[in-house]
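Q: sharing a model that was predicted from the sequence below.
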Amino acid sequence: MLGLALTLALAADGGTGPGAEVLAVVQRQVAAWNRGDLVAFCALYADDAVFVSPPRAADPDAGVPASDGVTRGRAEVLARYLKRYPNGKAMGQLSIDPWDVRETKDAVSISAKWTLRFPDKPALSGNTVIVLLRLAAGWRIVHDASM
């Protein structure tokens, strides 16, 4: 499904330009998730990235602290994912279906639906907006708002 969605998005701009480059990078990121490689998945985040998700109340019985929903920096984003998804089974299989890609020469934003599918429980899905900048190290996520 991800491949089809990204192929359609790439075809919309002729498969050239920053949007096409970024969608290919995101496709590699999704592949890293689906093989259980959170380090590779998070490598796309800039060192100073900001990740925004819904705030949550503490659950002391489960050892889960409260969160204001804001995670700052690649290292913290990786730590958040490692805690939340300790293994491949917990991670499920990710797909990202973009519905809008906006680009300039050095910035791309993608609005998309994300879905996690599991063999033994219902799928989870939500919306995301990610903003990537072209940095010296390549395209990097600087903002990720996922709900």
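A: That came in fine, so what should we check first?

Q: mind listing the strands for the protein?
A: Here the chain has its strands, by DSSP state E, at 45-52, 70-72, 93-103, 107-117, 124-135, 138-146.

Q: residue 125 pairs with what?
A: Residue 125 has the following beta-bridge partners by DSSP bridges: residue 115.

Q: could I get the strands of the chain as a markdown table with mean neighbour count?
A: For the C-beta atoms, the positions are set from N, CA and C on the backbone; glycine is no exception. Shown next, in a markdown table, are the strands of the chain (neighbours: other C-beta atoms under 10 Å):
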| stretch | mean neighbour count |
| --- | --- |
| strand 45-52 | 18 |
| strand 70-72 | 14 |
| strand 93-103 | 17 |
| strand 107-117 | 18 |
| strand 124-135 | 16 |
| strand 138-146 | 17 |
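
Q: how about low-confidence regions in this structure?
A: 1-16, 58-59, 61-66 (pLDDT under 70).

Q: change it to 90
A: In the predicted model, the chain carries pLDDT under 90 at residues 1-20, 53-69, 83-84, 88, 147.

Q: name the single longest helix found in it.
A: helix 18-34 (DSSP state H).

Q: which positions within it qualify as buried?
A: Under the neighbour-count criterion of 16 or more other C-beta atoms under 10 Å, helix 18-34 has 18-23, 25-27, 29-30, 32-34 buried.

Q: and which of these is nearest to residue 85?
A: residue 33 (8.8 Å; C-beta to C-beta).
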